[in-house]
Structures are given as C-alpha cells and as structure tokens.
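S.K.: Sequence plus the predicted model coming up.
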Amino acid sequence: MTPATATTEMTACLFEEFLQVRRQSEQLCLPLSPEDMMVQSCAEASPAKWHLAHTTWFFETFLLREFLDGYREFNPDFRWLFNSYYNSVSDQPEKKLRASFSRPPVETIFQYRCHVQEGIQRLLASNPPEEVTRRIVLGLHHEQQHQELLAYDIKHAFWTNPLRPAYSNDAVDFHTPSTAKPEWIEYEGGLFDIGFAGDGFAFDNELPCHPEYLRPFELASTLITCADYLQFIHDGGYQRPELWLSAGWDAVKAEGWKAPLYWRQQDGAWNVYTMYGEQPLTGLLQTPVCHVSYFEADAFAHWAGKRLPTEAEWEVAAEGLPLTGNLLDAGKLHPQPLTNAPAGPAQMFGDVWEWTQSAYLGYPGYRAVPGALGEYNGKFMSSQMVLRGGSVVTPASHIRATYRNFFSPATRWHFAGIRLANI
C-alpha cells in the first residue's frame, strides 16, 4: 500500500466516523417534535435544536473557516448566534435566552448540518494538514459530549411538562433482582501514573500523565442503589445539617431538596421519572441511585460513615478494566440493576457518573491548548467537582479510564451517582 493510498483510506474512515457520530445526534432527536426541540427547562439546559446547531458551529468555526479555501458560510449570523462560551471567537447571546430562538426553524438547522457536512467532506479530500484531523476528532468528541447533554436536557424538559410524557414508549422492566453482594476491595498504596498516556484521543484536562502517591485504600465493589439511598431519606438525611457541607445545607434549604431529582412522593409512595415516564420506586430499588448532586453524595457518605473516593483512587481501580457497561449504545436509557457481578469493582463504566471528592483542577504541568480552543476545558477549573466513569447516556466510544467530567457541586440534572470509599 502506497502512502497516498493509506492516507486516502484513513481519510475515508475518519469521514465515516464523522457521519456516524452526526447521525447519532440526529437519532436522539427522532422522538421529538419541533416544539420539543425548542424547550429550555433549567439554567443548565439548552434546547435540542441549539445542540444540533452548536455542534455544527464547532466544525464550521474551527475547521471550515480556517482550512477550506473558498468556504462560504451558511449564515454569517450563526457565527455568534450558536457560539456557547468561546469569547475569543465572538460575543454570544445569553444562555438563558436560547429557548427564544424560534428562528431559524429546525429545518434550517438540518440544512446547516448538511452544508457543513459537505464542507468537511471537501476539506478531507483536499489533503489537509494533520491539524485538521486532530480538530475533527476533537469536534466529534465535543459532539458526543453534547449528545449526553441533549439526553439530560430532553429528560428534564419532559419532566417539567405537567403531562410528564415519556421520551421512549418501549416496554421496559426494571424488576431484575440484583445478585451482587457489596464488599470492600483493597488497593495497595504507592506511586501511580495518573492521566492519559499513549496513542489515541484525550482531552487536554487528562494531560499530562504524572505520578501521584496514594495511601492504601478500599473501594466499594458496587454502586449505591435506590434502596440504599431510601434508607438515608428515612433516617432524616435531608433534615440533619450535621451530615452536610455548609454550602450543601444552604442548597437543601434554598431548593427544598427532600430526595434526588425526579423522585416524587404521592400518597405515601415514591415515584421516579425516567426516560420511559414515571415509574414506581418499588420497581427501581435495585438500580443505582442517580441524579444526585455532589452535596447529596457527600452527605450520604457521611451518613454511611464512609467517604467519596478521590479521582486518582477511582482511576487506579478502573485501570485495565474493560470499557464496557450500560452506555448510550445499549439503548437502555436508565441505570440497571447489577447482575453477574465480576470479580472487582462493578459498573465502573456506564450507568451513572460517579462523584469523587476531587476538585476539578489542572494536573501538574497542565497547559491549555493555544488559541480559542484553549477555552474548551481550562477556563472551568474553578468551583467544580470531578466525576468519573460515564453514564447510561455516554457514547461507548467516548469514555476511558482517564476521562474527567466535571460539574458544580449543586448540579443534579445529569446522570450522577455514588460509589463509596472506606475511611
């Protein structure tokens, strides 16, 4: 095979990957009406239509405008209209106003996606520099992040609708009993390499790989279930300030928290809103609890006499485990009971993002990518906590043991849960 032939085949594979990721975003929107795609139901959320436009904006802004000769913008106003937070690119509308973008209509957004897709195809056929490949791969992972956010936002939008409609009308049974018996898994202390090393894609916040010293620790083999969390509620967990961080207790009082997001008590019985509509909690007791904030996870850990793991401990435990689990590609859309528990920690990937006690900061020697793309991760390294492991709406090709997700500690609308470490 000649170098030119090899390059052509690599380009074809990359474009096919591009098409596959883009299709997955659009497939997530298939159950939605145009009206559904306009809803922005909370401060963290964005309309589905905006997600489709912004991920397209990323490819147009950071690839086609810079690298494709003669490229014509689809609409010059889209440069600022669908910018999220890249201040060095342009100003942008306030996030809370995204639901007011009734124009351009949804059909125009799909035309925009086709326009940019054709541009990427032409760009890849032009024997572009290696930087183009690097940015396309980054853009695909960026779009996969938005696929997950899209799922969060759809769920929250339907939950806030008084009709509580289901995203999926597929038959679902959550009553599979869990066969897992929780136990503590011991890990030796020592010096460990933390962060991404080797070939393949990683975000800049996973770099550089660096040594960290860990004391011996024990990690729970299983996630905290809804049944476990219900005990916390019954024991007055939301009424006991001694269990909570100060800011967490402030959030409990200000927001009126009494249970995880999407739990609702009616006539003495708990129901839980899922992507399949509202379900009785009795059928979900063995599923991992989800949609809890860092504050709730930390309070639960205090109540249990345990703690949350550090992100380095989590990574050491996850290193070498197969990257399989209940992820978006499985199509289950809700955390599942644990069956056939493996030797070692179970459900490390998929089901729920796992809160750690680690603040989101740059690793020693961290440097943001130069230019506007440097605003991708580094600018958020303040007042955020790290989560690990992926969730039920994380694309399978998007996750790895070194992946660092992050949210503010009061956030609950994402699929986040709890794994404990022994004190």
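M.R.: Thanks, I have the structure now. Numbering: from 1, shown residues only.

S.K.: List the contacts of the residue nearest the centre of the chain.
M.R.: Central residue of the chain (Cα atoms, centre = their mean): E148, 5.2 Å from the mean position. By Cβ atoms under 8 Å, 6 or more residues apart in numbering, the contact list for E148 reads 328, 391, 393-395, 398, 414. C-betas here are computed from N, CA, C, even on glycine.

S.K.: pretty sure it is in a helix, no?
M.R.: Yes: checked against DSSP: H, G, I helix; E, B strand; the rest coil, E148 lies within a helix.

S.K.: F415 versus that one, what's the distance?
M.R.: 8 Å (Cβ to Cβ, to the nearest Å).

S.K.: Find residues that contact each of these two.
M.R.: With Cβ under 8 Å, 6+ apart, E148 and F415 have common neighbours 391, 393.

S.K.: what separates G378 from E278, distance-wise?
M.R.: 40 Å.

S.K.: whoops, Q384 was the one
M.R.: Applying Cβ to Cβ to Q384 and E278 gives a distance of 31 Å.

S.K.: ok, now L81?
M.R.: 36 Å.

S.K.: Counting neighbours, go ahead and name the busier of those two.
M.R.: Using other Cβ atoms under 10 Å as the criterion, L81 and E278 rank with L81 on top: 19 against 14.

S.K.: what's the pLDDT at the more buried one?
M.R.: pLDDT, L81: 93.

S.K.: ok, and the closest non-adjacent residue to it?
M.R.: P93 (6.7 Å; Cβ to Cβ, 6 or more residues apart in numbering).

S.K.: contacting residues around that neighbour?
M.R.: So P93 contacts 80-81, 101 (Cβ under 8 Å, 6+ apart).

S.K.: repeat for F78
M.R.: F78 neighbours (Cβ under 8 Å, 6+ apart): 53, 57, 60, 112.

S.K.: circling back to that earlier point, surely the residue nearest to L81 is in a helix?
M.R.: No: assigned with three-state DSSP, P93 falls outside any helix and is coil.

S.K.: Please report how far it lies from A53.
M.R.: Taking Cβ to Cβ, one finds P93 at 12 Å from A53.

S.K.: overlap in contacts of those two?
M.R.: Counting by Cβ under 8 Å, 6+ apart, the residues touching both P93 and A53 are L81.

S.K.: Can you classify W355 as helix, strand or coil?
M.R.: Applying three-state DSSP: W355 is strand.

S.K.: and it, how many neighbours?
M.R.: W355: 30 neighbours (other Cβ under 10 Å).

S.K.: With D69 instead?
M.R.: D69 has 7 nearby residues by other Cβ under 10 Å.

S.K.: how about the closest residue to it other than its chain neighbours, phi and psi?
M.R.: Spatially, and ignoring its direct neighbours in sequence, D69 is nearest to S126 (7.6 Å; Cβ to Cβ, 6+ apart). Reported as degrees, to the nearest 10, the phi and psi values for S126 are phi -100, psi 20.

S.K.: swap in V172?
M.R.: Torsion angles, degrees, to the nearest 10, at V172: phi -140, psi 140.

S.K.: and if you look at E319?
M.R.: Dihedral angles (degrees, to the nearest 10) for E319: phi -60, psi 130.

S.K.: Likewise for E218?
M.R.: phi -130, psi 130.

S.K.: For beta bridges, what are the partners of it?
M.R.: E186 (DSSP bridges).

S.K.: Is it correct that it is in contact with N422?
M.R.: Yes: counting by Cβ atoms under 8 Å, E218 touches N422, with 3.8 Å between them.

S.K.: Spit out the residues that contact these two alike.
M.R.: W184.

S.K.: Am I right that P370 is in a strand?
M.R.: No: if the criterion is three-state DSSP, then P370 is coil and not within a strand.

S.K.: How much space separates it from Y376?
M.R.: Applying Cβ to Cβ to P370 and Y376 gives a distance of 12 Å.

S.K.: and if you look at L223?
M.R.: 29 Å.

S.K.: out of these two, which sits in the busier spot?
M.R.: Of the pair L223 and Y376, L223 is the one with more neighbours under other Cβ under 10 Å, namely 26 against 18.

S.K.: which residues in this structure form helices?
M.R.: 3-28, 48-59, 65-67, 78-81, 106-124, 130-160, 226-234, 246-255, 294-304, 311-318 (DSSP state H).

S.K.: out of these, deepest packed?
M.R.: Comparing the helices of the chain by mean neighbour count (mean count of other Cβ atoms under 10 Å), helix 48-59 ranks first with a mean of 25.

S.K.: helices or strands up against that one?
M.R.: Counting contacts by 3 or more Cβ pairs under 8 Å, 6 or more residues apart in numbering; DSSP states H and E, helix 48-59 packs against helix 3-28, helix 78-81, helix 106-124, helix 130-160.

S.K.: try it again with 6 Å
M.R.: The helices and strands touching helix 48-59, judged by 3 or more Cβ pairs under 6 Å, 6 or more residues apart in numbering; DSSP states H and E, are helix 106-124, helix 130-160.

S.K.: Same list (those) but as JSON lines, adding mean pLDDT.
M.R.: Listed next are those as JSON lines, based on pLDDT from 0 to 100:
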{"stretch": "helix 106-124", "mean pLDDT": "97"}
{"stretch": "helix 130-160", "mean pLDDT": "97"}
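
S.K.: With distance to D250 added, can I get those helices in JSON lines?
M.R.: Shown next, in JSON lines, are those (distance: least, Cβ to Cβ, whole Å):
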{"stretch": "helix 106-124", "distance to D250": "39"}
{"stretch": "helix 130-160", "distance to D250": "22"}
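
S.K.: who wins for proximity to A259 among these?
M.R.: helix 130-160 (13.6 Å; Cβ to Cβ).

S.K.: could you check the angle helix 3-28 makes with that closest one?
M.R.: 10 degrees (axes from the mean of the first three to the mean of the last three Cα atoms, to 10 degrees).

S.K.: Next, count neighbours for Y238.
M.R.: 19.

S.K.: Find the nearest non-adjacent residue to it, please.
M.R.: K258 (5.2 Å).
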